[in-house]
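> Dropping the sequence and predicted coords here.
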Amino acid sequence: MAANIKDYYAVLGVKRGASDDEIKKAYRKLARKFHPDLNPGDKSAEDQFKQLQEAYDVLSNAEDRKLYDQYGDNWRAVKAGAGPPPPGWERAERSGSGPRAGGFDFNDFDFGRFSSSGGGEGFDIFEELFGGARGRGPHRGRGRDVEAELELSLEEAHRGGRRTLQMQAAENTIEVNIPAGVRDGSTIRLAGQGGGGTNGSEPGDLYLHIRLRPHPVFTVSGDDLEMELSIAPWEAVLGANVEVPTIDGKVELKVPAGAKAGQRLRLRGQGLNKRNGGRGDEYVRLKVVVPKEVSAEERRLYEELKRVSRFNPRS
Amino acid sequence: MWAADFDLDEPLTCDVVAAIVGARRSLVVRLVQQGLIEKVDTESDELLVPRRAVVRIRRMQRLRRDLGVNFAGAAVILDLVGRIEQLNRELEWRRK
């Protein structure tokens, strides 16, 4: 089957006679826009970047570019040793109808996977630092590592559990064990679940980056949780036992008499599960709130309090 | 069903990390010394980094290769992208 002919020059937005420098500049400019590491989770940017990468791989290599200029989309077949296409190939291809001249279709060749941003792990760029032989052996043809995001609630991250994921580009689902105690920014590696390798070589890995949804009650600080608790002025003065939420349910908290606004009370061991056992703490920050409206009786009592109290908050 | 490897906090020697990312040990050490990747606090004399550093180094390698930025620049980019992602998530959550 004939594939769509790719115009690598158009992909990079340069003229056919563009210099190496112009090609490099065009690539860098577009790469800044579409690079997957700058657009995490954006599939269309990733696809754009793959095309860009493919175009640049070809046009930045003098030999490949020459073949591409001469044979168009069939250049890989020629390079792979199939020899130049038979006479009339160009006319047949451009006519877009009927069998190719001599029944020969270069697009029937399987050239395997193109190199892409994730594949090869940047081996080429490090030659200057690491020497030319670095990484060329066992990693050759290894599938690309794939990165994806997995959004979890705070409760899911705390308790862990199993999640079934449907991968976009694959028909299979993957069941993932979420370990209790993962955090925002944690990464889970699923060995061998990335892109397939070429010629039977090992597949890449799947890296799942954990993102925690903001929680309506708690903010997270390391292993600890923090929440704000509103209390009445008299609870602050007299102390009180109040119910407060924890990640595992409600517990009773003793607010000491004379509590101050902004004071943090610790609930030891009520924070998040840690990866290696143990738990963080929960901190309850007190906020003294006053009623918006007061009844006549309340007002009378406040006025009585004002009369008898010797407390001067500004002294 | 596939077995998951969750051990990204596992401390690795710089030699092992270097082998995984296809770099020299000296590069990994330099990245740690410059604060571009985290290290594991340990009483051991040996410099250890968590396995998660592999992901960061690979991203830095890609940014270096594809955009021509140096490692320090790549680290700043990754940190800023992370902050933008975090802010976007918060914004999304507030909109809901």
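Arrived safely.
> Could you say which helix or strand holds residue 23?
No chain specified, so I'll use chain A. helix A:20-34 (DSSP states H and E).
> can you give me the offset of that helix from its chain's centre?
For helix A:20-34, the separation from the chain centroid amounts to 24 Å (computed by Cα atoms, centre = their mean, to the nearest Å).
> go on, stretch A:268-288?
From the chain centre to the centre of stretch A:268-288 is a distance of 27 Å (Cα atoms, centre = their mean).
> Looking at it now, give me its mean pLDDT.
Averaging pLDDT along stretch A:268-288 gives 91.
> Below-threshold pLDDT in the chain: ranges please.
Answering for chain A, as no chain was given. Scanning chain A for pLDDT under 70 picks out A:1-5, A:82-142, A:167-172, A:197-200.
> The intended chain is chain B.
Scanning chain B for pLDDT under 70 picks out B:1-8.
> So for it, which residue is the most central one in space?
By Cα atoms, centre = their mean, chain B has its centre lying nearest to B:R56, at 2.5 Å.
> Quick check: it is in a helix.
Yes - the assignment for B:R56 by DSSP: H, G, I helix; E, B strand; the rest coil puts it in a helix.
> Report how many residues lie close to the residue lying closest to it once chain neighbours are set aside.
Spatial nearest neighbour of B:R56, chain neighbours left out: B:I37 (5.5 Å); criterion: Cβ to Cβ, 6 or more residues apart in numbering or on different chains. The C-beta positions use only the backbone N, C-alpha and C, and glycine is treated the same way. Per other Cβ atoms under 10 Å in any protein chain shown, the neighbour tally for B:I37 reads 22.
> and B:I37, which of the three is it?
What three-state DSSP gives for B:I37 is coil.
> pretty sure it is touching B:I57, no?
Yes - with contacts counted by Cβ atoms under 8 Å, B:I37 reaches B:I57, the gap being 6.4 Å.
> ok so, going back, do the helix holding A:I23 and chain B meet?
Yes - applying Cβ under 8 Å from any Cβ of the partner chain, one finds helix A:20-34 in contact with chain B at A:R28, A:A31, A:R32.
> and which of those residues is nearest to chain B?
Distances from chain B to the residues of helix A:20-34 next to chain B, taken as Cβ to the nearest Cβ, are shortest for A:A31 (4.8 Å).
> That closest one and A:L52 touch, don't they?
Yes - under the criterion of Cβ under 8 Å, A:A31 makes contact with A:L52 at 6.3 Å.
> biggest helix in chain B, by residue count?
In chain B, with assignment by DSSP state H, the single longest helix is helix B:71-95.
> backbone phi and psi for A:G262, please?
phi 90, psi -10 (degrees, to the nearest 10).
> Relative to A:A236, how far out is it?
Computed as Cβ to Cβ, to the nearest Å, the A:G262 to A:A236 distance reads 11 Å.
> Work out for me the element A:E175 sits within.
Counting by DSSP H and E, A:E175 is found in strand A:173-178.
> Enumerate the positions of that strand that are buried.
Buried residues in strand A:173-178, counted by 16 or more other Cβ atoms under 10 Å in any protein chain shown: A:I174, A:V176, A:N177, A:I178.
> Over to stretch B:84-94?
In stretch B:84-94, counting by 16+ other Cβ under 10 Å, buried: B:E85, B:R89.
> ditto for stretch B:55-69
Those buried within stretch B:55-69 under the rule 16+ other Cβ under 10 Å are B:55-67, B:69.
> got it, and stretch A:244-260?
A:V244, A:P245, A:T246, A:I247, A:L253, A:V255, A:A259.
> who are the neighbours in contact with the second one?
Put plainly, it is A:P245. For A:P245, the contacting residues are A:V217, A:M227, by Cβ atoms under 8 Å, 6 or more residues apart in numbering or on different chains.
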